[in-house]
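Student: Here's a sequence, model it:
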Amino acid sequence: MSQTITVKIKLLPTKEQSSILNTMSKEYISTINTLVSEMVSEKKYTKKSSKDISVSLPSAVKNQAIKDAKCVFKKAKKNKFAIVPVLKKPVCIWNNQNYSFDFTHISMPIMVNGKATKTPIRALLVDKDNRNFDLLKHKLGTLRITQKSGKWIAQISVTIPTVQGTGLKVMGVDLGLKVPAVAVTDDEKVRFFGNGRLNKYIKRKFISERKKLSKKKKLNAIRCSKDKEQRWMRDQDHKVSRAIVNFAKENKISVIRLEQLANIRQTARISRKNQKNLHNWSFYRLSQFIEYKANLAGIKVEYVNPAYTSQTCPKCTEKNKAQDRKYKCKCGLEKHRDLVGAMNIRYAPVIDGNSQSA
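Tutor: Numbering: from 1, shown residues only. This next block holds a predicted model:
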């Protein structure tokens with residue numbers, strides 16, 4: 001078994017290299033949109049090769065553009081051409097046979113004085129203690145270079161072999177706002193992860209900052225503030241997911257069960273003061289981080305139906321509504337509401353039916 005993940009690396013191109021990458025990125029997207037438009041008008045896949053495309057791009061990049069254009073056309077065809085995607089964000093992609101990476105530079109063919117020349121572009125040095133250092137030793141896939149907030153980012157897809165565990169120990173994990181995550185193992189070991197109060201405080205701080213900037217009409221500063229907030233949220237999700245997987249490894253867990261939180265924003269009933277936090281926080285991203293980190297550790301992730309997981313008593317199956325964070329049942333059970341949810345998730349049937357025995 002294997003898993004493909006994306007590793008991001010900061011690039012430090014010279015002014016000349018930056019100008020070339022900028023031009024190539026725009027040309028790449030323009031080429032894809034032109035090819036898609038031609039295929040849509042003819043209602044069939046293009047038979048063009050790199051020789052038939054007269055744009056200032058290396059032949060390897062032209063071939064990748066043709067491949068990407070066919071993928072876009074396939075999606076449009078599937079929707080019976082009701083929606084034809086038009087790509088806007090400049091980007092340039094090379095396949096794994098046309099670039100090399102030595103941990104200090106990424107070398108790929110770019111257009112220099114009208115000719116495709118393999119050119120090394122300095123990458124931010126990857127430290128040996130950095131997680132990315134070990135990931136990049138595996139099989140490398142496509143290289144995607146894009147610019148964000150004036151900085152160049154290289155995204156390399158990496159295929160990593162994984163070994164699935166064969167044990168039967170199961171852990172349930174409940175995700176939330178006040179408590180980002182609660183985990184409980186089948187031998188009743190419990191741990192709470194993250195700090196919901198800190199998360200809300202930081203978000204209020206960013207919102208307050210943007211209100212002040214809005215009055216001063218500093219649009220670029222507002223955009224930077226949003227990017228900074230998103231980076232902070234992503235970092236929190238990485239830390240929480242890493243801690244959850246480490247806890248699972250410590251307890252020799254073979255299966256982690258999560259709630260299938262699709263459409264939670266439309267279906268969840270929540271207080272008005274938490275509405276903004278619900279819409280801004282990405283439960284999907286956190287669950288995806290948990291899943292890919294767990295898979296790398298050989299731990300399977302399963303999804304269960306979230307209905308009534310925080311209301312059903314795990315001892316007598318009676319349904320009760322929690323008062324704030326305290327859950328009480330007539331049978332005498334008294335626990336934290338999110339812990340009750342995690343306990344029920346641990347034994348709930350898996351959505352796709354391929355449930356590991358608990």
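Student: residue ranges for the helices of the stretch 201-350 of the chain, please.
Tutor: Listed in chain order, the helices of the stretch 201-350 of the chain (DSSP state H, counting those that start in this stretch) span residues 219-250, 264-267, 272-280, 283-296, 337-347.
Student: The closest residue to residue 112 other than its chain neighbours: neighbouring residues, count only.
Tutor: Computed as Cβ to Cβ, 6 or more residues apart in numbering, the closest residue to residue 112 that is not its neighbour in sequence is residue 119, at 6.4 Å. The way it works is simple: take the backbone N, C-alpha and C, and place the C-beta from them, glycine included. As a burial measure, residue 119 scores 18 neighbours (other Cβ atoms under 10 Å).
Student: On the three-state scheme, residue 119 is what?
Tutor: Taking DSSP: H, G, I helix; E, B strand; the rest coil as the rule, one finds residue 119 in the strand state.
Student: what sits opposite it in the beta ladder?
Tutor: Residue 119 has the following beta-bridge partners by DSSP bridges: residue 108.
Student: isn't it right up against residue 111?
Tutor: No. Contact between residue 119 and residue 111 fails when scored by Cβ atoms under 8 Å: they sit 9.5 Å apart.
Student: so what's in contact with the two at the same time?
Tutor: Counting by Cβ atoms under 8 Å, 6 or more residues apart in numbering, residue 119 and residue 111 have no shared contacts at all.
Student: looking at it, residue 13 is touching residue 123, isn't it?
Tutor: No. When contacts are counted by Cβ under 8 Å, residue 13 is not listed as touching residue 123 (9.7 Å).
Student: Give me the contacts around stretch 30-38.
Tutor: Under the criterion Cβ under 8 Å, 6+ apart, external residues in contact with stretch 30-38 comprise 46, 48, 53, 55, 57, 62, 65-66, 68-69, 72-73, 76, 84-87.
Student: hmm, 10 Å instead?
Tutor: 44-46, 48, 53, 55, 57, 61-62, 64-73, 75-76, 84-88, 90-91, 93 (Cβ atoms under 10 Å, 6 or more residues apart in numbering).
Student: Pull stretch 110-124 out as PDB, backbone CA atoms only.
Tutor: What follows is the C-alpha trace of stretch 110-124 in PDB, where atoms were taken according to Å, rounded to 0.1, in the frame of the first residue of the first chain:
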ATOM      1  CA  ILE A 110      12.600  27.000 -18.100                       C
ATOM      2  CA  MET A 111      12.700  29.400 -21.000                       C
ATOM      3  CA  VAL A 112      16.000  31.400 -21.000                       C
ATOM      4  CA  ASN A 113      16.600  33.700 -24.100                       C
ATOM      5  CA  GLY A 114      13.900  31.700 -26.000                       C
ATOM      6  CA  LYS A 115      15.400  28.300 -25.300                       C
ATOM      7  CA  ALA A 116      14.500  25.600 -22.800                       C
ATOM      8  CA  THR A 117      17.400  25.400 -20.400                       C
ATOM      9  CA  LYS A 118      17.500  23.200 -17.300                       C
ATOM     10  CA  THR A 119      18.100  25.800 -14.600                       C
ATOM     11  CA  PRO A 120      18.700  25.300 -10.800                       C
ATOM     12  CA  ILE A 121      16.500  27.500  -8.600                       C
ATOM     13  CA  ARG A 122      17.400  27.900  -5.000                       C
ATOM     14  CA  ALA A 123      15.000  26.300  -2.500                       C
ATOM     15  CA  LEU A 124      14.800  27.100   1.200                       C
END
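Student: Flag every buried residue along that stretch.
Tutor: Within stretch 110-124, the residues scored as buried using 16 or more other Cβ atoms under 10 Å are 110-111, 116, 119, 121, 123.
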